[in-house]
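In: sequence and computational prediction follow.
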Amino acid sequence: MDTTSVTPTSTRVTPRRVSVSPTSTRVTPRRVSVSPTSTTVTPRRVSVSPTSTTVTPRRVSVSPTPGNPTPLPAALLAIAAAGPSCFSLPVHLHEQLAALPPSTLDHLAARGFDARKLEAWATTIGVDRDRRNRLPGLVEPPHPGDILEVPDAASAAYAELCERAFSALAKGEVALCLLAGGMATRMGGVVKALVEALPGHTFLDLRLGENALAARLAGTPLPLWMMTSEATHGPIGEALAARGAGEHIATFEQFVGLRLTPEGGLFLDEEGHPSAYSTGHGDLPDALRASGLLDRFVAGGGKTVWIANIDNLGATVDPAILGLHLAHGGPLTVELVDKLGTDRGGAPFRWNGRRIITEEFRLPVGFDPTQVPVFNTNTFIVDAGALTSLSMEWTYVEVEKKIGDRRAVQFERILGEITVTLEPQLLRVPRAGGASRFLPVKDLPELERRRPEIELIARERGMIPAPRPA
């Protein structure tokens with residue numbers, strides 16, 4: 001996520017809501033009109049920084065059509081151009097949003113944007129941060145027996161799990177869903193899915209190779225879905241079309257939000273446009289349902305959705321793990337690996353007696369996270385019916401970003417929070433050698449270090465053909 005500060009906030013929390021009240025302040029001749037009403041208002045002053053000459057690495061314009069952004073009203077352009085000195089009238093976030101063109105609002109709404117949520121989040125910026133960070137109640141390390149392992153590959157139990165899995169795959173009951181969204185900023189501005197993980201083979205190519213092999217083994221196509229973002233949707237779609245991807249392969253977009261200033265106003269980019277961003281991989285349940293893919297899959301007999309990061313090529317559909325998930329009968333299985341060195345991130349805990357995955361920053365003050373020697377790989381095997389009916393109140397994490405030389409605030413949700421509603425079965429998996437199930441690639445230097453491991457996995461698991469003997 002690359003954040004400098006993270007603070008969760010509930011969509012229902014609205015402390016310190018800004019009240020709009022009349023004022024008798026005289027209006028200067030250079031009035032900036034941002035509201036259809038003529039009432040002069042003085043809510044908490046929102047300071048919009050002057051535009052920066054520094055160009056952001058990859059800006060997402062909020063517009064009906066890519067490359068043709070809808071201009072904002074002259075009032076907001078004036079705000080962006082003139083900076084704080086232009087405020088003869090303070091500007092309220094509600095008025096800023098209301099002033100956006102209908103086409104822009106429609107474009108945002110089609111991607112899950114909710115103006116009411118944004119206004120609620122704005123009132124919580126910086127409020128009770130530490131309290132909102134921490135989980136209330138009893139937090140404990142996992143209990144003995146909470147974390148399972150796959151049986152030995154030579155055992156009868158292992159063979160039984162694989163047999164159960166192959167039956168489900170042959171019936172078309174399993175779909176693979178890859179997380180391929182984000183803002184495409186960590187790999188030199190190139191969409192990660194289209195970066196060459198190995199010479200001549202992008203991450204997307206390797207995942208397509210995995211899918212083709214699974215289809216041959218199962219005797220039927222394995223549905224392959226990718227959650228994209230505004231930054232990645234077009235390039236990935238074009239790449240799939242160029243590769244002649246079948247109808248069982250589809251993409252759907254995650255949701256978008258609008259960045260805010262630290263004071264709670266609308267953050268505008270150098271051209272005066274709202275600054276859009278993707279609201280996190282926690283969008284997956286809602287975005288997948290909104291796409292219609294999940295409903296059609298379930299209606300056709302689909303039962304299991306396997307979720308993994310597109311760059312973690314270790315997280316392939318494994319028959320033994322699939323069989324174990326089906327055998328335990330619960331709604332969710334989460335893959336864990338041993339921590340190494342300074343590994344940090346989501347990990348398994350008991351919260352008020354229930355197994356969950358949560359981030360370290362949410363632990364109670366004084367809780368030692370090193371008590372838990374494993375952490376979350378962001379690979380989830382979920383019952384499709386449970387995903388379809390999932391209803392929960394998400395926590396959105398407050399994240400501070402540097403955009404050029406200015407600070408912005410955005411709110412994101414984390415996929416691991418589904419464990420609060422769907423209690424998971426925790427599964428420890430390998431992270432070394434040809435059996436490794438955890439090969440994350442955050443940036444280009446890490447990709448260079450991991451290429452030998454990636455090549456080993458890709459060849460052993462049939463993503464690319466094995467080299468012919470000399």
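Out: Sure thing, it's come through.
In: next structured bit after the helix or strand in which Leu217 is found?
Out: For Leu217, the host element (DSSP states H and E) is helix 203-218. The C-terminal neighbour of helix 203-218 among helices and strands, as given by DSSP H and E, is strand 224-228.
In: any idea of the mean pLDDT in that next one?
Out: Here strand 224-228 scores 98 as its mean pLDDT.
In: and the angle from it to helix 203-218?
Out: Counting by axes from the mean of the first three to the mean of the last three CA atoms, to 10 degrees, strand 224-228 points 160 degrees away from the direction of helix 203-218.
In: what helices and strands are in contact with strand 224-228?
Out: Judged by 3 or more CB pairs under 8 Å, 6 or more residues apart in numbering; DSSP states H and E, the packing partners of strand 224-228 are strand 174-179, helix 203-218, helix 233-242, strand 249-253, helix 284-291. C-beta here means a position set from N, CA and C on the backbone, and glycine is covered the same way.
In: how about 7 Å then?
Out: Other elements packing on strand 224-228 under the criterion 3 or more CB pairs under 7 Å, 6 or more residues apart in numbering; DSSP states H and E are strand 174-179, strand 249-253.
In: C-terminal to the least confident helix or strand in the chain by mean pLDDT, what's the next element?
Out: None of the helices or strands of the chain scores lower by mean pLDDT, DSSP states H and E than helix 74-82, at a mean of 36. Later in the chain than helix 74-82, the nearest helix or strand by DSSP H and E is helix 93-98.
In: roughly how far does the most centrally placed residue in the chain sit from Ala115?
Out: Centroid-nearest residue in the chain, with CA atoms, centre = their mean: His281, separated by 1.6 Å. Using CB to CB, to the nearest Å, one gets 23 Å for the distance from His281 to Ala115.
In: got it, and Asn376?
Out: Asn376 is 32 Å from Ala115, by CB to CB.
In: of those two, which one has the most company?
Out: Ranked by neighbour count (other CB atoms under 10 Å), Asn376 and Ala115 place Asn376 first, with 23 against 16.
In: show me what contacts Val365?
Out: Arg134 (CB atoms under 7 Å, 6 or more residues apart in numbering).
In: go again using 8 Å as the cut-off
Out: By CB atoms under 8 Å, 6 or more residues apart in numbering, Val365 lies in contact with 130, 134.
In: circling back: list the buried residues in the helix holding Leu217.
Out: Of the residues in helix 203-218, 203-215, 218 count as buried by neighbour count, 16 or more other CB atoms under 10 Å.
In: go on, stretch 102-113?
Out: 104-105, 107-108, 111-113.
In: how near is the closest residue to Asp130 other than its chain neighbours to Leu135?
Out: If the residues on either side of it in the chain are set aside, Asp130 comes closest to Val365, at 8.0 Å by CB to CB, 6 or more residues apart in numbering. Val365 sits 11 Å away from Leu135, going by CB to CB.
In: who touches both of these two?
Out: Contact criterion CB under 8 Å, 6+ apart; residues shared by Val365 and Leu135: none found.
In: let me have the buried residues of helix 203-218 in CSV, extended by distance to Leu324.
Out: Below are these laid out as CSV (distance: CB to CB, whole Å):
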residue, distance to Leu324
Phe203, 26
Leu204, 28
Asp205, 29
Leu206, 25
Arg207, 23
Leu208, 26
Gly209, 25
Glu210, 20
Asn211, 22
Ala212, 25
Leu213, 21
Ala214, 18
Ala215, 22
Ala218, 18
